[in-house]
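Q: Provided below for reference: sequence and predicted model.
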Amino acid sequence: MDKLLLPVLLGTNRKNRNSVFPARWLIGEMEKRPEIQTRLFDAADFALPHDDYGQGLKDLFPEWRDTIIKADGLVVVAPEYNHGYPGVLKAVLDLLLKEYIHKAVAFVGVSAGPWGGTRVIEAMVPMVRELGLAVTFTDLHFPTVQKLFDSDGRILDQGFEKRAKEFLDELVWMSRVLKWGRENVPSKYHQAKVS
Ligand SMILES: Cc1cc2nc3c(=O)[nH]c(=O)nc-3n(C[C@H](O)[C@H](O)[C@H](O)COP(=O)(O)O)c2cc1C
């Protein structure tokens with residue numbers, strides 16, 4: 001079967017952010033799976049202008065644009081900021097629109113508190129629906145993230161491997177089904193293969 005392209009977006013540019021640890025660890029788990037091709041996009045690497053916003057800027061970020069055009073799905077690592085998502089995460093997502101349609105998105109919630117980003121994920125679900133993304137139902141949560149990794153980024157609780165497997169199994173299933181749909185079921189949003 002074809003490999004699925006499933007990039008990971010790290011959704012904060014905050015100095016000393018802890019979300020970088022789950023993001024890097026998850027990339028490692030994804031790279032173990034032969035059916036997945038991935039790469040990390042970091043919100044901190046997007047030189048977003050202070051006086052402009054949205055799709056009109058997409059050509060300033062060709063790697064992001066072209067990767068999402070080719071992608072079959074997306075993982076968003078979302079730190080919880082006052083029960084919501086960082087503005088920079090929204091600004092990066094808002095660079096594109098039609099490029100996301102009928103692709104899967106899976107959420108990784110990260111928080112200092114005990115709820116593992118549950119509330120930021122709930123806040124993101126209605127927003128990504130407007131982008132045409134289809135949300136998986138198997139989120140991955142990193143509560144009290146500051147205690148979950150050692151200083152070299154190694155995870156301290158091996159239980160996360162099983163949780164990541166279930167999270168990725170569902171993302172792979174959704175991404176494969178949607179890929180088949182994009183290629184075989186006519187829609188005004190994409191070109192199905194001519195049989
Ligand atoms: C502006 C701001 C608001 C925050 N609000 C919450 C919150 O509502 N709930 C929570 O559990 N942690 C909250 N935190 C802590 C972050 O979840 C914590 O720093 C975690 O490590 C993820 O964010 P980080 O990647 O920026 O470190 C907040 C942090 C910031 C900077």
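A: That came in fine, so what should we check first?

Q: count residues in the vicinity of the residue in the chain that the ligand sits nearest to, would you?
A: The ligand sits closest to G113 of the chain, with a gap of 2.7 Å, by Cβ to the nearest ligand atom. Bear in mind the C-beta positions are built from the backbone N, C-alpha and C, glycine included. With neighbours defined by other Cβ atoms under 10 Å, the count for G113 comes to 13.

Q: repeat for L10
A: Per other Cβ under 10 Å, the neighbour tally for L10 reads 28.

Q: pretty sure it sits against A43.
A: Yes. Using Cβ atoms under 8 Å, L10 makes contact with A43 at a distance of 6.0 Å.

Q: local confidence estimate at the residue of the chain closest to the ligand?
A: Note for G113: predicted pLDDT of 98.

Q: that one: what's it in contact with?
A: 80, 143-144 (Cβ atoms under 8 Å, 6 or more residues apart in numbering).

Q: just among these, which is most surrounded?
A: E80 leads the contacts of G113 on contacts (other Cβ under 10 Å) with 24 neighbours.

Q: list the contacts for it?
A: E80 touches 109-111, 113, 115, 117, 119-120, counting by Cβ under 8 Å, 6+ apart.

Q: name the strands paired with the strand or helix carrying H141 and say parallel or antiparallel.
A: In this structure, H141 sits in strand 140-142 according to DSSP states H and E. Sheet pairing for strand 140-142, assigned by DSSP bridges, gives strand 103-110 (parallel).

Q: helix or strand right after the partner strand?
A: By DSSP H and E, the next helix or strand past strand 103-110 is helix 118-130.

Q: ok, back up a step: can you select the buried ones among the contacts of E80 for me in PyMOL?
A: The following PyMOL line selects those of the contacts of E80 that are buried, judged by 16 or more other Cβ atoms under 10 Å:
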select buried, resi 109+110+111+117+119+120
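
Q: quick check: of the contacts of E80, which lies closest to L168?
A: The shortest approach to L168 among those belongs to G109, at 15.6 Å (Cβ to Cβ).

Q: wait, the closest one sits on A123?
A: No. In this structure, G109 is not within contact of A123 by Cβ under 8 Å, at 10.2 Å.

Q: which other residues reach stretch 34-51?
A: 1, 3-13, 23-24, 27, 30-31, 57, 60-61, 63-64, 67, 75, 86, 88-89, 91-92, 95, 168, 172.
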